[in-house]
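# Here's my sequence, what's the structure:
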Amino acid sequence: MMAKATAHSGGVLKKIILSYTYLAIWIVLSATVIVYNKYILDKKLYNWPFPISLTMIHMAFCSSLAFLIVRILKLVELFTLSRKVYLTCVLPIGALYSLSLWLSNSAYIYLSVSFIQMLKALMPVAVYTIGILLKKDSFKKSTMCNMLAISVGVAIAAYGESKFDAYGVTLQLLAVVVEATRLVMIQILLSSRGIKLNPIATLYYVAPSCLIFLSMPWVFVEYPVLRESYMRGVGLNVDFTIFGTNCLCAFALNLAVFLVVGKTSALTMNIGGVVKDWLLIAFSWSVIKDSVTPLNLIGYGLAFLGVAYYNHQKLQMLKAKETAEKKSAQQNDEEEGVVLLTEKRTEG
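Numbers count the residues shown, from 1 in each chain. The predicted structure is shown next:
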């Protein structure tokens, strides 16, 4: 018995260690991609102020690599989608994803890494509000009060921002709204049909559509600027090593998301995201030398408490759901046992 208990505890410990390892890998990769994108797009650093072009490069790279893994190497078994599902589900999600990436990457040109992470604290607010509007979630006064507390905290952080840029803030807030809409649409369009795509399959289906959608604004917004620079003989600062490693980090991040969600849960990733935001704020202040004011920290601290409480509520709801499912299964087993016992007595 003791040997079995020791083996069981050892298995649980191993599972916990692996879960935290996957989470740490995701945090490092996510932070790396954010800082890397900021470095490339910032006019004072690498000076490549073309967010649509950068996102298109990412999508082209991810599409090619996903095609190689799925079709050539056949390392991943693909979930076949019908044309109707692709047109009605995948394409709208791809359009929202491309717009979200475009807006969020554009914000890095105007805002600091630390302040962008503070604004991203509004994601639960946007997801909950859009969920109510699309009738995917129900209105609760306690939850709405929590959402208001998060919003007030972010507003205080924005008020204390020393390098506030209205255009940059607008871009990031729009990115939050679009990304929240995409997350809710995934639940409505895919999850409701029992369709679950791993990151490779997601890239295989979604990345090419993102590339097409991004090419539309690129033709009108960035292509004329790039063409004019070429005609004037102004060389573009293109370092294939930097862009190549940046694309590899973006692709690896998608795999890390699969590991974290697959081996733990989406809620664990949300909690890890809060840790990542604090680490990025500290990194932005200490290494990149972004200015972080006391009012920034007070506001984000309030928002952080709201997000932490929101995650706590979600965790309690999941535990209650699991408990209810176990009780239901136990009751079914007991009812089946009573039926079998009755049948045996009748036969006897």
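# Every contact and neighbour count from this point should use C-alpha atoms.
Fine.
# what comes into contact with stretch 77-92?
70, 189-190, 197, 201, 205-206, 209 (C-alpha atoms under 8 Å, 6 or more residues apart in numbering).
# Do you have the helices of the protein handy? List them.
Taking DSSP state H to define them, one finds helices in the chain at 2-41, 51-67, 83-85, 91-107, 113-119, 123-133, 141-159, 166-185, 199-221, 223-231, 240-263, 266-286, 294-347.
# Include mean neighbour count and distance to Glu77 when you put those helices into JSON lines, please.
Output for the helices of the chain, formatted as JSON lines (neighbours: other C-alpha atoms under 10 Å; distance: least, C-alpha to C-alpha, whole Å):
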{"stretch": "helix 2-41", "mean neighbour count": "16", "distance to Glu77": "22"}
{"stretch": "helix 51-67", "mean neighbour count": "21", "distance to Glu77": "12"}
{"stretch": "helix 83-85", "mean neighbour count": "11", "distance to Glu77": "18"}
{"stretch": "helix 91-107", "mean neighbour count": "23", "distance to Glu77": "21"}
{"stretch": "helix 113-119", "mean neighbour count": "23", "distance to Glu77": "35"}
{"stretch": "helix 123-133", "mean neighbour count": "20", "distance to Glu77": "31"}
{"stretch": "helix 141-159", "mean neighbour count": "19", "distance to Glu77": "40"}
{"stretch": "helix 166-185", "mean neighbour count": "20", "distance to Glu77": "24"}
{"stretch": "helix 199-221", "mean neighbour count": "19", "distance to Glu77": "8"}
{"stretch": "helix 223-231", "mean neighbour count": "13", "distance to Glu77": "37"}
{"stretch": "helix 240-263", "mean neighbour count": "18", "distance to Glu77": "15"}
{"stretch": "helix 266-286", "mean neighbour count": "18", "distance to Glu77": "22"}
{"stretch": "helix 294-347", "mean neighbour count": "14", "distance to Glu77": "30"}
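# Dump those helices to a markdown table, plus distance to Lys74 and mean pLDDT.
Listed next are those as a markdown table, based on distance: least, C-alpha to C-alpha, whole Å; pLDDT from 0 to 100:
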| stretch | distance to Lys74 | mean pLDDT |
| --- | --- | --- |
| helix 2-41 | 24 | 77 |
| helix 51-67 | 9 | 93 |
| helix 83-85 | 22 | 86 |
| helix 91-107 | 24 | 93 |
| helix 113-119 | 37 | 93 |
| helix 123-133 | 36 | 90 |
| helix 141-159 | 45 | 91 |
| helix 166-185 | 28 | 93 |
| helix 199-221 | 11 | 90 |
| helix 223-231 | 36 | 85 |
| helix 240-263 | 16 | 84 |
| helix 266-286 | 27 | 81 |
| helix 294-347 | 36 | 74 |
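# Distance to Leu75 added to those helices, as TSV?
Listed next are the helices of the chain as TSV, based on distance: least, C-alpha to C-alpha, whole Å:
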stretch	distance to Leu75
helix 2-41	21
helix 51-67	10
helix 83-85	24
helix 91-107	24
helix 113-119	35
helix 123-133	34
helix 141-159	42
helix 166-185	27
helix 199-221	10
helix 223-231	36
helix 240-263	13
helix 266-286	24
helix 294-347	33
